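S.K.: output the structure for:
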Amino acid sequence: MQFQLEAKDVYSAARAGTITTAHGTIQTPTFMPIGTTGAVKAVHFSELEQTIGAQIILGNTYHLYLRPGADIIHAAGGLHAFNGWHHPILTDSGGYQVYSLSDRRKITEEGAKFHSHIDGSKHLFSPEKVIDIQRIIGGDIIMAFDECIAWPSDYDEAKKSMQLTHRWLQRCIDQMSKSEALYGFEQSLFPIVQGSTFPDLRKESAEVISEKNCEGNAIGGLSVGEPADKMYEMTAIVCNILPEEKPRYLMGVGMPDNILECISLGVDMFDCVIPTRNGRNGMLFTKEGIINIKNKKWEKDFSALDDLNNFVSQGYSKAFLRHMLLQNEILGCQIASVHNLCFYLWLVAESRKRIIEGNFSDWKQQILKKIMTRL
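M.R.: Numbering: from 1, shown residues only. Below you'll find the predicted structure:
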């Protein structure tokens, strides 16, 4: 994997770059639609590629390991061959999913023992096993196994968890060096900075992660309930330490304003379920503001959803989409998901354009209030 830094904003830490992988290039800042089980819910790959303009998607190790199983993905020749998406894929290590199973798992030095949410069966995720599974899945970018703790947490708990994450990281790195890529292309390991909302822990973790000299770095443990200003404070601390010449990925973030603010702090990569999950429930993001399409005020609004420049809104009206969602039609979920992903990909593409042109900070201030207004 290579990362080329192409432009930096004068008034903030925002930057534009290009990541090159075996399955194609990714222009940053970028947003990765989440394909937890190998596909983005209610969205066809042709729409992801041609309508939305996605350059990379995210898959999840925990879910793919349980279903369809590593053996099936291996037999298919990896996830790219299994699902037919021939562009870059990033796989999350499953640390966040294990965190969410608070009543079904036990964390030890060895790893995370958990019960499947599907059938209750017992499993162990160790750093070594997680790397082996991600080798089989075959993502271009794979994540180190970390422990994500809840917010708020006390200082001692956060420090202990961070240190465990660092020890697990070294085991991930060692396992990467012992194992081989399975499908004829190299995979890049991203470590994850932890430390909750404690500045000294975040600083320490970012320094440890930077010293590992991996091809990119991630920031985890945010967007778990902490106030937005704390998210921004921790992100700023970490981005000031992580090496400039490597991509920075802020995991699980977020709303459009979160993304713009964190781009200005120096983040390159984002992912979140919000555009698709909220879309299926009637929340639409537009350049004019946020719409709850189920509200009666849109019942006779026959105007198009939005004008998203290169990303086509396909001519569906607000009234029609409202009707589809109220009728629980699958098409409603599809339209809303595609629309919201179009908006998110427009947002990062426009940010990139403004960074290159040199007017990102002015544009950000103008558009922030507008896009977060409830219509």
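
S.K.: so where do the helices sit in the protein?
M.R.: Along the chain, the stretches classed as helices by DSSP state H are 45-46, 61-64, 70-76, 79-83, 95-100, 127-137, 155-178, 199-211, 228-239, 256-264, 274-280, 318-326, 330-357, 360-371.

S.K.: with mean pLDDT added, can I get those in CSV?
M.R.: Listed next are the helices of the chain as CSV, based on pLDDT from 0 to 100:
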stretch, mean pLDDT
helix 45-46, 95
helix 61-64, 95
helix 70-76, 98
helix 79-83, 98
helix 95-100, 70
helix 127-137, 98
helix 155-178, 97
helix 199-211, 98
helix 228-239, 98
helix 256-264, 98
helix 274-280, 97
helix 318-326, 96
helix 330-357, 96
helix 360-371, 96
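
S.K.: isn't Ile209 up against Asn217?
M.R.: Yes - under the criterion of C-beta atoms under 8 Å, Ile209 makes contact with Asn217 at 5.5 Å. Every C-beta, even on glycine, is put in place using the N, C-alpha and C of the backbone.

S.K.: what touches both of those two?
M.R.: Residues within reach of Ile209 and of Asn217 at once, by C-beta atoms under 8 Å, 6 or more residues apart in numbering, are Pro191, Ile192, Val193, Leu242.

S.K.: most neighbours, which of the residues you listed?
M.R.: Val193 (34 neighbours; other C-beta atoms under 10 Å).

S.K.: contacts only, for that residue.
M.R.: So Val193 contacts Arg202, Ser205, Ala206, Ile209, Asn217, Ala218, Ile219, Gly220, Gly221, Val238, Leu242 (C-beta under 8 Å, 6+ apart).

S.K.: measure it to Met1 for me?
M.R.: For Val193, the distance to Met1 equals 19 Å [C-beta to C-beta, to the nearest Å].

S.K.: can you pick out the most distant pair from the contacts of Val193?
M.R.: Gly221 and Leu242 (14.7 Å; C-beta to C-beta).

S.K.: wait, Leu341 touches Arg277, no?
M.R.: No - the pair Leu341 / Arg277 is not scored as a contact, 11.5 Å apart, by C-beta under 8 Å.

S.K.: so between those two, which is more surrounded?
M.R.: Remark: of Leu341 and Arg277, Leu341 carries more neighbours, 26 against 14, as counted by other C-beta under 10 Å.

S.K.: and the closest residue to the more buried one other than its chain neighbours, what's its pLDDT?
M.R.: Computed as C-beta to C-beta, 6 or more residues apart in numbering, the closest residue to Leu341 that is not its neighbour in sequence is Ile52, at 4.7 Å. In this model, Ile52 is scored at 92, pLDDT.

S.K.: my guess is Ile52 contacts Ser46, does it?
M.R.: No - using C-beta under 8 Å, Ile52 is not in contact with Ser46, being 9.9 Å away.

S.K.: comparing these two, which residue is more hemmed in?
M.R.: Using other C-beta under 10 Å as the criterion, Ile52 and Ser46 rank with Ile52 on top: 27 against 10.

S.K.: the more buried one and Pro88, how far apart?
M.R.: With C-beta to C-beta as the criterion, Ile52 and Pro88 are 15 Å apart.

S.K.: tell me how far Pro243 lies from Thr28.
M.R.: Using C-beta to C-beta, we find Pro243 at a distance of 15 Å from Thr28.

S.K.: give me the more crowded residue out of those two.
M.R.: Thr28 (28 against 15).

S.K.: isn't the more buried one right up against Ala14?
M.R.: No - applying C-beta under 8 Å, one finds Thr28 not in contact with Ala14, separated by 10.3 Å.
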